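Asker: next come a sequence and a model predicted from it.
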Amino acid sequence: MSPIDPPEPPRARMVRSAARMIRERGVTGVGLRQIAADADGPRGSLQRYFPGGKTQVLLEAIDLAVDDFAVGTRAAAVEAETLPDAVRMIVSSWREVLVDSDFSVGCPIASFVVDVSSVDPLRERADERFTHWRKGIAAIYRRFGYDRTAAWDEAILVISSLEGAALVARAARDIEAIDAVEKLLMDRLTSSA
């Protein structure tokens, strides 16, 4: 923020704090008081800003929280000249988030599924975000000649591989799993060409 930019409103700061905290701690590791304190927000106004309580904050925060993980997919959709370039861009964005955060940040969609799958609005939002991401990756595969069914299948392979690799990478605090997924996805592309 530059000195002339107005400060971010407290409500927006709270959503941003919730998004960051979800990525670091998972959903169950985030409480409304923690969010307010982290955002330097007025604790007394949580009910006014979020009458739906924690669920409302989390629903608003998830879209913001997935943004870093979607950078590679968005870039690949418009910038990639080949499918291998596109896949590299997608994987690279995950690698970058993990390394830049010193492996403290994971995919927020996964934490929704693991932590609160019994809370229907949160589980449904996780499903929506996965489906949206899958559609984006499938569109990239379609752009490079895959039919609708094959593109849809390849997209779930990419997502599942990256989700699993990110989990392993965070546990090991090492990027080896992400590198292995990238190599295997590249090998798959060259063997099917």
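Answerer: Received the coordinates, thanks. Numbers count the residues shown, from 1 in each chain.
Asker: read off the pLDDT value for Leu83.
Answerer: With respect to pLDDT, Leu83 has a value of 97.
Asker: likewise Ala193?
Answerer: Looking at Ala193, its pLDDT stands at 64.
Asker: chain center to the lowest-mean-pLDDT helix or strand in the chain, what's the gap?
Answerer: Every helix and strand of the chain was ranked by mean pLDDT, DSSP states H and E. The lowest is helix 108-116, at a mean of 80. Distance of helix 108-116 from its chain centroid, counting by C-alpha atoms, centre = their mean, to the nearest Å, is 11 Å.
Asker: which helix or strand lies directly C-terminal to that helix?
Answerer: Downstream of helix 108-116, the first helix or strand assigned by DSSP states H and E is helix 120-143.
Asker: just checking, what packs against the stretch of helix or strand Val181 belongs to?
Answerer: According to DSSP H and E, Val181 maps onto helix 176-192. With contacts defined as 3 or more C-beta pairs under 8 Å, 6 or more residues apart in numbering; DSSP states H and E, the packing partners of helix 176-192 are helix 83-100, helix 148-172. All C-beta atoms are positioned from the backbone trio N, CA, C, and that covers glycine.
Asker: for the spatially most central residue of the chain, grab phi and psi.
Answerer: In the chain, the centroid-proximal residue (C-alpha atoms, centre = their mean) is Val66; its distance is 3.1 Å. As for Val66, its main-chain torsions (degrees, to the nearest 10) stand at phi -80, psi -10.
Asker: swap in Pro42?
Answerer: Given degrees, to the nearest 10, the pair of backbone angles that Pro42 has is phi -70, psi 110.
Asker: if we can go back for a sec, pretty sure the residue nearest to the centre of the chain is touching Pro108, no?
Answerer: Yes. With contact defined as C-beta atoms under 8 Å, Val66 reaches Pro108; the gap is 5.8 Å.
Asker: can you name the residues in contact with the helix holding Val181?
Answerer: The set of residues external to helix 176-192 that reach it, using C-beta atoms under 8 Å, 6 or more residues apart in numbering, is 83-84, 87-88, 91, 94-95, 98, 157-158, 161-162, 164-166, 168-169.
Asker: can you turn the buried part of the residues you listed into a ChimeraX selection?
Answerer: The ChimeraX selection below is limited to those of these classed as buried (16 or more other C-beta atoms under 10 Å):
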select :83,84,87,88,91,94,95,98,158,161,162,165,166,169
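Asker: convert stretch 132-147 to PDB, retaining C-alpha atoms only.
Answerer: Taking C-alpha atoms only, stretch 132-147 is exported to PDB below (Å, rounded to 0.1, in the frame of the first residue of the first chain):
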ATOM      1  CA  HIS A 132     -14.000 -24.300 -10.900                       C
ATOM      2  CA  TRP A 133     -10.300 -25.200 -10.800                       C
ATOM      3  CA  ARG A 134     -10.900 -28.400 -12.700                       C
ATOM      4  CA  LYS A 135     -12.800 -26.500 -15.400                       C
ATOM      5  CA  GLY A 136      -9.900 -24.100 -15.800                       C
ATOM      6  CA  ILE A 137      -7.400 -26.900 -16.200                       C
ATOM      7  CA  ALA A 138      -9.700 -28.900 -18.500                       C
ATOM      8  CA  ALA A 139     -10.100 -25.700 -20.700                       C
ATOM      9  CA  ILE A 140      -6.300 -25.600 -21.100                       C
ATOM     10  CA  TYR A 141      -6.100 -29.200 -22.200                       C
ATOM     11  CA  ARG A 142      -9.000 -28.600 -24.600                       C
ATOM     12  CA  ARG A 143      -7.100 -25.600 -26.000                       C
ATOM     13  CA  PHE A 144      -4.200 -28.000 -26.900                       C
ATOM     14  CA  GLY A 145      -6.400 -30.600 -28.600                       C
ATOM     15  CA  TYR A 146      -7.800 -32.900 -26.000                       C
ATOM     16  CA  ASP A 147     -11.500 -33.800 -26.300                       C
END
